[in-house]
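*Asks:* sharing a sequence plus its predicted fold:
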Amino acid sequence: MSGTPRKREVTRRGRVVNTKRWDEFECPECSAHNPWDDGFEQGDELFCSWCGEVWLVRLIPESDPPRFRLESQ
Ligand SMILES: [Zn+2]
């Protein structure tokens, strides 16, 4: 796995879903703060620059403002 984050996956199935981009996350594994210059959104794969753990971005339903959780891969 290259660790390159994919962009613009929101238009999957040709339909724009509730989209929101974030530009940083805190690693659930080691609590490191990871700035993500390109931004990420739900469905993207992230990796912690400290411990190398890979995470999948999941939007928390009905969160306002939109929030995400990270799922271990
Ligand atoms: Zn980490």
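*Replies:* Perfect, thanks for sending it. Residues are numbered from 1 along each chain as shown.
*Asks:* which residue is nearest the middle of the chain?
*Replies:* With distances taken as Cα atoms, centre = their mean, the chain has residue 57 as the residue nearest its mean C-alpha position (3.5 Å).
*Asks:* give the burial count for the nearest residue to that residue once chain neighbours are set aside, as a bare number.
*Replies:* Excluding the flanking residues, the one nearest residue 57 by Cβ to Cβ, 6 or more residues apart in numbering is residue 44, at 4.8 Å. Yep, even glycine has a C-beta here, placed from its N, CA and C like the rest. For residue 44, the number of neighbouring residues by other Cβ atoms under 10 Å comes to 21.
*Asks:* quick check: residue 43 touching residue 71?
*Replies:* No: look at residue 43 against residue 71 with Cβ atoms under 8 Å: they stay out of range, at 10.8 Å.
*Asks:* quick one: which of the two has more around it?
*Replies:* residue 43 (15 against 12).
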